[in-house]
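Peer 1: structural data only, the sequence is not supplied:
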């Protein structure tokens, strides 16, 4: 852990803005306790023990009471930031909270910038960088699985893995560099086979961690699920059926862009971002063309494609071709072909209408298409099965439990990938009998990449590790 | 103070719903500390001293971590509710906060109803009823003056006044009732003049307090300000000029009804609810008629009426009549007559146009109308003067400073009015030589009314007062 440094005090409202019973204003930094005491009537907070709470009033310089509050005192280094900290709980009105903050700022305290407390916590070694990132993930989590994944990272599980990798690579580097140091003495410290196995193991372990990224990403960001199909195939009905009574998250959280995302839906802890599309077809109409362009875009970015086909209508050759085209273009993206309106009778009357209106000859669809599921949203038939299928296909049957560590950030993935590439380059160099100093460059590059995940400074650590193993007084 | 009774534990999210750094879940009631300990991994909260904070994790029954939290322990009676209380600060995400609450509820704790903590605080004598009401006022305050007024009430200032009145009336009642008790012994305890003076003083003091209600209401709820005038008189321009850069409160707080209130605007700590109206004139058009109906309604409910007259246009006799009509109908409601577009030149050209289009003969307006102010919103002329005039007229020149006690609630006003009526009835009875038992009924009714303000039970207090003054062992 780094030494705690106390920066100039900062303050900010730490709770969401709005009306509630309580709001909390966090103040952190050098002399923050003394400064808050300056506008606090009650116990002298400077005499307060760490982790104690005190009732009092926030008072303007003219003696006016701003609010009755509770002030919690945390003394360095036993606080979130590692600095002296006061958390002031006031009444949770918009204006009164603002007034309390302003009164505190008048004591010579600066308004904090976004993330500044957590940045201080990181700089003071209270959190690793990946943990600091998990704090933000946790706050923005929109599904229980996302909460779980953020918690694993916040607990330092990713950091632990990265530290294990780094220690293994540091060991390898130490082997290689010791050899370099003693090269004139013709001492061969590094057992090459042992070194190769060590590096291959690290590479495999990084690979296993990287394997969790696709799931981690879906868990953290949600599964972009695109409903496609002809107009009236039942896309909106299905969307409404799924979202149904559970659409709280749509209304509770602002910032979902209405023109691309239609509804957030959670199933079994996993968030699906359901996107209803306009019919995908060629058109001369400018506005419809824009709709189709967006549908195409949504299709291309989808994590899961659900094609809906109205079972009560005949399948014409054109649609059959379209479906095959989508399946092909979806590539590795999971694709579900769903028959809808299973409850509708196919009466001779409607068959007749079809013959009148259709130019293509009806094809008996069951012979031609393999549906993943046939459903009726209206009657609720096979809806549960569809939900399960959506989750299984989205996660490609790879489910993880609450205690699984998932890589959820592309920054971490990139760093892990680069670290693995460097390790593999080192393995290749070893196999080709390239000299130790080149190996060392690759391994140090790998360490540096891993170090960016936890935010440690890597070079000094490598050096520390090497010399701590020498211990021959040189 | 009542004895503290610990009810079954309840829990609720106490901070506003949304994304923030911190959210707080409050748990209060019998065994709440033990129950929260059941899902808290860290120090055993049952061993924690009151007013101490402890870092730990909220854990599901299956061992899954829900969040890292701080738990603040408050032991009865030293808490907001008077009961054992735990306040859990978790990460301020919507979902994670909900998950922490659910985990706590799984420990056999009930979800709290709105206001239930404060109700318990009142029932446990931690707050008087008027203080409990001030908590809500403070949270909903939309201007600094409203914050100040709520704080005075929260500090118990209204309660103190009411207690003084009650004590005076109790003293009077004791005089009267002692006389009744000893009536057979022909002892006259009550000096009638003294009693009369006592009651007249109370009545006057209640009156002074009641006098603050009109201001208190405006301070708490805002000044409903209606802009009227002909189309294009500059109503919307003025509204925009006033609200200008200061319209934060319009966007920050939800729940302002757009169809009646156009903009919230604060000046010098006072909230004005500015209402822009449709031109008030007779019309055949159904929609316009509805607009006019609403304008009439707004006019009738206004706390301040601002009539705008475009100075660049001639005043016709019809408008002059209209203005006089409005002034008359406004009655006691403050009315400001404002000339607008002071910056516009009255060119011969526009005069000519007027003569062509107008059927009524132009009247030289300055001779006929007395404007409170002439302004130009576009050039900013006299806008500051207008703001000051609006505040002065709205409060009818009665301003109060931050430490003034204002009656802001109609419940309190009603109770005070009834109490005063009863006191005056007692005075009248006294003057008419009506026997003490009737006086006693009036005074007890007054006490009961006053008691409803602070929420005390009045009868026992009256008895206590009488007997504590006797002390002759009877």
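Peer 2: Done, it's in. Note that this is a predicted model, so its numbers are computed, not measured.
Peer 1: and residue A:122, how far is that from residue A:133?
Peer 2: 10 Å (Cβ to Cβ, to the nearest Å). Backbone N, C-alpha and C define where each C-beta goes, glycine included.
Peer 1: with residue A:404 instead?
Peer 2: To residue A:133, residue A:404 is 18 Å away according to Cβ to Cβ.
Peer 1: likewise residue A:72?
Peer 2: According to Cβ to Cβ, residue A:72 stands 26 Å off from residue A:133.
Peer 1: hmm, back to that, looking at residue A:404 and residue A:133 now, which is surrounded by more residues?
Peer 2: The neighbour count for residue A:404 versus residue A:133, taken as other Cβ atoms under 10 Å in any protein chain shown, is higher for residue A:133 (23 against 17).
Peer 1: quick check: the more buried one is in a strand.
Peer 2: No: applying DSSP: H, G, I helix; E, B strand; the rest coil, one finds residue A:133 to be helix, outside a strand.
Peer 1: now do the SS call for the spatially closest residue to residue A:92 that is not a sequence neighbour.
Peer 2: Using Cβ to Cβ, 6 or more residues apart in numbering or on different chains and skipping the chain neighbours, the partner closest in space to residue A:92 is residue A:20 (3.6 Å). When classified by three-state DSSP, residue A:20 comes out as coil.
Peer 1: and the pLDDT for residue A:20?
Peer 2: The model reports residue A:20 with a pLDDT of 84.
Peer 1: number of residues surrounding residue A:265?
Peer 2: Neighbour count of residue A:265, defined by other Cβ under 10 Å: 24.
Peer 1: the residue in the stretch 151-300 of chain A that chain B sits nearest to: which element?
Peer 2: Nearest residue of the stretch 151-300 of chain A to chain B, counting by Cβ to the nearest Cβ: residue A:151, 4.9 Å away. Assessed by DSSP states H and E, residue A:151 sits inside helix A:144-154.
Peer 1: could you give the angle of whatever helix or strand comes next after that helix to helix A:144-154?
Peer 2: Moving toward the C-terminus from helix A:144-154, the next helix or strand (DSSP H and E) is helix A:157-181. In terms of direction (axes from the mean of the first three to the mean of the last three Cα atoms, to 10 degrees), helix A:157-181 departs from helix A:144-154 by 40 degrees.
Peer 1: mind listing what's buried along helix A:157-181?
Peer 2: Judged by neighbour count using 16 or more other Cβ atoms under 10 Å in any protein chain shown, the buried positions of helix A:157-181 are A:157-159, A:161-163, A:165-166, A:168-179.
Peer 1: next: stretch A:328-342.
Peer 2: For stretch A:328-342, the neighbour count (16+ other Cβ under 10 Å) marks A:330, A:333-342 as buried.
Peer 1: what does stretch A:41-56 give?
Peer 2: By 16+ other Cβ under 10 Å, the buried positions in stretch A:41-56 come out as A:42, A:45, A:48, A:50-56.
Peer 1: and what of stretch A:121-129?
Peer 2: A:121-124, A:126-129.
Peer 1: which residue packs closest to residue A:151, ignoring adjacent ones?
Peer 2: Residue A:151's closest residue in space is residue B:65 (Cβ to Cβ, 6+ apart), at 4.9 Å.
Peer 1: make that residue A:217, sorry
Peer 2: residue A:408 (6.3 Å).
Peer 1: tell me the contacts of that neighbour?
Peer 2: Taking Cβ atoms under 8 Å, 6 or more residues apart in numbering or on different chains, we find residue A:408 in contact with A:137, A:146, A:149-150, A:153, A:213, A:216-217, A:219-220.
Peer 1: repeat that for 10 Å
Peer 2: A:133-134, A:137, A:146, A:149-150, A:152-153, A:158, A:212-213, A:215-221 (Cβ atoms under 10 Å, 6 or more residues apart in numbering or on different chains).
Peer 1: got it, and residue A:218?
Peer 2: So residue A:218 contacts A:143, A:145-146, A:224, A:270-272, A:303-304, A:391, A:394-396, A:398, A:406, A:408 (Cβ under 10 Å, 6+ apart).
Peer 1: what about the strands in chain A?
Peer 2: Assigned by DSSP state E, the strands in chain A fall at A:10-13, A:22-28, A:40-42, A:52-59, A:65-74, A:85-91, A:110-111, A:223-228, A:263-267, A:270-276, A:304-310, A:335-340, A:373-374.
Peer 1: tell me which strands the last one pairs with, and in which orientation.
Peer 2: Which is strand A:373-374. strand A:335-340 (parallel) (DSSP bridges).
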